[in-house]
Structures are given as structure tokens and as C-alpha cells.
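K.L.:
I'd like to go over a predicted model; first the sequence, then the structure.
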Amino acid sequence: MMMKKLLCLIAAGALTMSLAACGDKSYKDGTYKGRSSDYTTDEEDGASNGYGEVEITIKDGKITECTYMTYEIDGTPKGDDYGKKDGEVKNEGFYNKAQKANAARSNYAKQLVAKGSIDDVDAISGATINYNEFVEAVNDALLKAEDK
């Protein structure tokens, strides 16, 4: 019982410190867009190349909405056909990975709204590039939203 109380006190102290650290920045209400830098790989077909964009809405200083989309370098959205070539699955492994990345997009956006901080969004195994683009795009949007 004593150990449980001690752990609760430690957790409460850590939470207080983390909230104090988050309090250093305040954000203006509004809707802000952010973009990651281009990701390129040496893969022969360049299939993983692209970038991510977010749109976040801030109300009362908190993130209330988030959408996240990824694009090919040429601006083509990575939608339901991402991972197919000429409308067909030519590489099953790449297609499965691409579809996992697609599913991760909405998960990352939902986590951000639920948790309120990009630092608390968990990466999804197999969608790490997507995660890194998301973090970069969110940070870009939040920079635009800072109440300086």
C-alpha cells in the first residue's frame, strides 16, 4: 500500500512537471497547416518518396481537430491505391506496408487530438516514415500557431 502511494506521488509530480513544461507555449485559436520536408529514398522506383501535410484546429489553446494526408513528390495523394502500380498489386510486401502507412495517418491525427501533444503520439511499427513526416508537419503548424 505504501509503495502504491509512493508511485502515485511520483506520477503526480511527473505530470505536474510535464504540464508546467507544456505551459511555456501558448497557441492562438484558428486553423493552421503544416508540411513536412520531402522524403526521398534510393529505392529504384521511388515508391516511398513523398511528404506529409496536416491541418490542425486550435480552440482555447488546445488542439481540437487534426487531419493528416501524405502525398507523392509530384503532389498525388497517397490514397487507397497507394502501393499499387498501374492499378495492380505488383509487390505484395510493399503494398501491405503502404496500406499500413495509410491506416496510420488517421491514427496519428486521432492520437494528437486525444493526447493534446505531439510528444505523446506513439509511432506505429511499420509506419515510421509516416510518423516522422507527421511530427514534422505538426511542429510546422504549431510554429505558425504560436502566440508570440
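P.N.:
Yep, that arrived.
K.L.:
Going by C-alpha atoms from here, please, whenever you check contacts or count neighbours.
P.N.:
Fine.
K.L.:
Going by secondary structure, the nearest residue to residue 31 once chain neighbours are set aside is in what exactly?
P.N.:
Of all residues not flanking residue 31 in the chain, residue 57 sits nearest, at 4.3 Å (C-alpha to C-alpha, 6 or more residues apart in numbering). Residue 57 belongs to strand 51-59 when assigned by DSSP states H and E.
K.L.:
Need the pLDDT of the residue nearest the centre of the chain.
P.N.:
Geometric centre of the chain, nearest residue: residue 134, 3.2 Å, by C-alpha atoms, centre = their mean. pLDDT recorded at residue 134 is 98.
K.L.:
quick one, the helix or strand that contains residue 96 and strand 51-59 angle?
P.N.:
Using DSSP H and E, residue 96 maps to helix 92-115. Put simply, helix 92-115 runs at 20 degrees to strand 51-59, going by axes from the mean of the first three to the mean of the last three C-alpha atoms, to 10 degrees.
K.L.:
ok, and what's touching helix 92-115?
P.N.:
With C-alpha atoms under 8 Å, 6 or more residues apart in numbering as the test, helix 92-115 has contacts from 63-70, 78-80, 82-84, 89, 118, 120-124, 126-127, 130-131, 134.
K.L.:
just the buried members of those residues?
P.N.:
63-70, 78, 82-84, 118, 121, 123-124, 127, 130-131, 134 (16 or more other C-alpha atoms under 10 Å).
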